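1. Okay, sequence plus prediction incoming.
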Amino acid sequence: MSTFEVTSELYSESDFATINTPNGNSVSRFAFVLPAEQNSKSGKCLNGKNREPDPDCNNEERAQYIDPITHNIECEHKSENDQSECLKCVPFKRKESLPQMDKDGDLVVERKQKDVIEIEHHKSTKLDLVGLQIWRGALLLADYIIYNEKKFKNRKILELGSGVGLTSVVSSFFAREVICTDINVGGLLDLIQSNVNRNSHLKNPDCNVTVTELDFKVRYEDYPSELKSTLQDVEYVIAADVIYDDDITEAFVLTLESLLLELPKLKAVYIALEKRYVFTVEDMDSVAPCYEHFLRVFHRRNNRFGITRWKLMQVPLTFPRYFIYEKVKELVLLKISN
């Protein structure tokens, strides 16, 4: 793995009111805005209690399949010869709500709640410690979780490769339990726990957040019995910015395969990443080698018995942006399900 220092592009995109700490780390403030319907008088904003259900919030994504051979995106609703636009894949839009008046006839103005997540992190690291930084994929996945609050509310969520814990913190707004996992190097698990504690005032008070080690290179059968037991009722697995090295990618896919096979209540896996393009003489084109390698390895494991066991789909990025970052076209959100 490279010994060069790498730095996330996030830090040059916006002012996160970053301060340096005596231990050489940085603490940044990631501001976000909750949807107006999560800030109504009828319910509390972050903790998930006493909130009125949003009838327009049940918006299962208009997913598109990824062809396992060509890696092209295919609409799941169209036949091979149908070149017309598929109306089911037109980006989902929420209904426009009519202006509301109070009992005195005054216009009711919806006020969106603004809040801040504080995260301690490194500003630059070597490649094998990139989890100590924050990357765009974590904010993309956080946006998706906030937009799909109804899906994740009162669920048990496992995050793989939690890094400094930002996406797990966002998950704790709505979930009943969040398991943050990563490898225990460079003080990473202690840093995740510190960030969870730092933002505990934001979480659902009924949510239990735990931090523990899960190494992609350790086989599922070798997990501690306590970890295997607590994973049995996990309903969603999430991961952001974990595809950047071929060896780690292969171990990550094996971990996904084990979890998909061993967790009986698992509904779906969501993976957010940013495709990193490079120009290669072999291809005479700009390619995203790490992303392409992930697709190849997953396809190989998914079809190893001659049948396709799981669906890999690309989720359209039509949901709003609640955090401040550049939602660049290279960002991708994948969904794996039965």
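-> Received it, and whenever you're ready, just let me know what you need.

2. how about the helices in the stretch 101-250 of the chain?
-> 136-147, 149-152, 166-171, 188-198, 225-231, 246-262 (DSSP state H, counting those that start in this stretch).

3. Give me the pLDDT value at the spatially closest residue to residue 9 that is not a sequence neighbour.
-> Nearest residue to residue 9 in three dimensions, chain neighbours excluded: residue 136, at 7.0 Å (C-beta to C-beta, 6 or more residues apart in numbering). Where C-beta positions appear, they are placed from N, C-alpha and C, glycine not excepted. Per-residue pLDDT puts residue 136 at 94.

4. Run a quick neighbour tally on residue 136.
-> When neighbours are counted by other C-beta atoms under 10 Å, residue 136 registers 23.

5. re earlier: quick one, which of the helices of the stretch 101-250 of the chain is packed in tightest?
-> Burial among these, expressed as mean neighbours by mean count of other C-beta atoms under 10 Å, is greatest for helix 166-171, which shows a mean of 29.

6. got a list of contacts for it?
-> With contacts defined as C-beta atoms under 8 Å, 6 or more residues apart in numbering, helix 166-171 is touched by 30, 117, 119, 134, 138-139, 141-142, 145-146, 152, 157, 159, 162, 178, 180, 192, 195-196, 199, 202-203, 209, 238, 240.

7. could you turn it into PDB, dropping everything but the C-alphas?
-> What follows is helix 166-171, C-alpha atoms only, in PDB (Å, rounded to 0.1, in the frame of the first residue of the first chain):
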ATOM      1  CA  LEU A 166     -19.900  10.300  11.000                       C
ATOM      2  CA  THR A 167     -22.400   8.000   9.200                       C
ATOM      3  CA  SER A 168     -23.000   6.000  12.400                       C
ATOM      4  CA  VAL A 169     -23.800   9.200  14.300                       C
ATOM      5  CA  VAL A 170     -26.400  10.100  11.600                       C
ATOM      6  CA  SER A 171     -27.800   6.600  11.800                       C
END
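
8. Run the chain-centre distance for it.
-> Relative to the chain's own centre, helix 166-171 is displaced by 9 Å; criterion: C-alpha atoms, centre = their mean, to the nearest Å.

9. Ok, stretch 267-276 next?
-> 7 Å.

10. Now do the same for that stretch: mean pLDDT, whole number.
-> Averaged over stretch 267-276, pLDDT sits at 95.

11. got it, and stretch 229-236?
-> Here the average pLDDT along stretch 229-236 is 98.

12. who touches it?
-> Defining contact as C-beta under 8 Å, 6+ apart, one finds that stretch 229-236 is touched by 151-152, 155-158, 179, 210, 223, 259, 262-270.
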